[in-house]
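[1] Quick check, what structure comes out for this input:
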Amino acid sequence: QVQLVESGGGLVQTGGSLRLSCAASGRTSRTVGWFRQAPGKERELIAAISWNGGSTNYGDSVKGRFTIARDNAKNMVYLQMNSLKAEDTAVYYCAATAAFRPSVASIRADDYNYWGQGTQVTVSS
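    Numbers count the residues shown, from 1 in each chain. Presented below is the predicted three-dimensional model:
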């Protein structure tokens, strides 16, 4: 089992930055992904990082603007979001895989079995 708690969401102006945090407990040696879901839209994977930190993947909509990182000593995963746009407004979730594949940053949503409660990010134009 993995427990995840997100924090760091809020209201920011277009062009601003936010850093989201995901605190993990339990079986923390897992790939972690950040997802988001806006009203009326499907959930999308925006970033993923392998347990060993050596592999990352990003969705096309956030490449070059968002950075995922992790600190395994603190059981934390971060999402640094820069150059925010109105279309980044969504509820952001961190999720972890059940399988232990330390070098894989899966982009398959079905691989993620554990979810946090989400944190709202609102970007005002």
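
[2] Let me see the contact set for Leu84.
    Val12, Gln13, Thr14, Gly15, Gly16, Ser17, Leu18, Arg65, Val121, Val123 (C-beta atoms under 8 Å, 6 or more residues apart in numbering). Where you see a C-beta, it was placed from the backbone N, CA and C, and this is true even at glycine.

[3] Weed out the non-buried ones from those.
    Buried members of the contacts of Leu84, scored by 16 or more other C-beta atoms under 10 Å, are Val12, Leu18, Arg65, Val121, Val123.

[4] Contacts only, for the residue nearest in space to the middle of the chain.
    Against the mean C-alpha coordinate of the chain, by C-alpha atoms, centre = their mean, the closest residue is Trp34 at 2.0 Å. Trp34 makes contact with 20, 22, 45-48, 68, 77, 79, 92-95, according to C-beta under 8 Å, 6+ apart.

[5] Secondary structure element holding it?
    In the assignment (DSSP states H and E), Trp34 maps to strand 32-37.

[6] angle of the helix or strand just after that strand against strand 32-37?
    The element immediately downstream of strand 32-37 (helix or strand, assigned by DSSP H and E) is strand 44-49. Interaxial angle, strand 44-49 versus strand 32-37 (axes from the mean of the first three to the mean of the last three C-alpha atoms, to 10 degrees): 160 degrees.

[7] Format the buried ones among the contacts of Leu84 as a markdown table; extra columns: secondary structure and pLDDT.
    Below are the buried ones among the contacts of Leu84 laid out as a markdown table (DSSP: H, G, I helix; E, B strand; the rest coil; pLDDT from 0 to 100):
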| residue | secondary structure | pLDDT |
| --- | --- | --- |
| Val12 | strand | 98 |
| Leu18 | strand | 98 |
| Arg65 | coil | 98 |
| Val121 | strand | 98 |
| Val123 | strand | 98 |
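
[8] Go through the residues you listed and name the one nearest Gln3.
    Here the nearest of those to Gln3, counting by C-beta to C-beta, is Val121; it sits at 21.5 Å.

[9] Nearest to Ala105, out of the buried ones among the contacts of Leu84: which one, please.
    Once C-beta to C-beta is applied, the member of the buried ones among the contacts of Leu84 that ends up nearest Ala105 is Arg65, at 17.7 Å.
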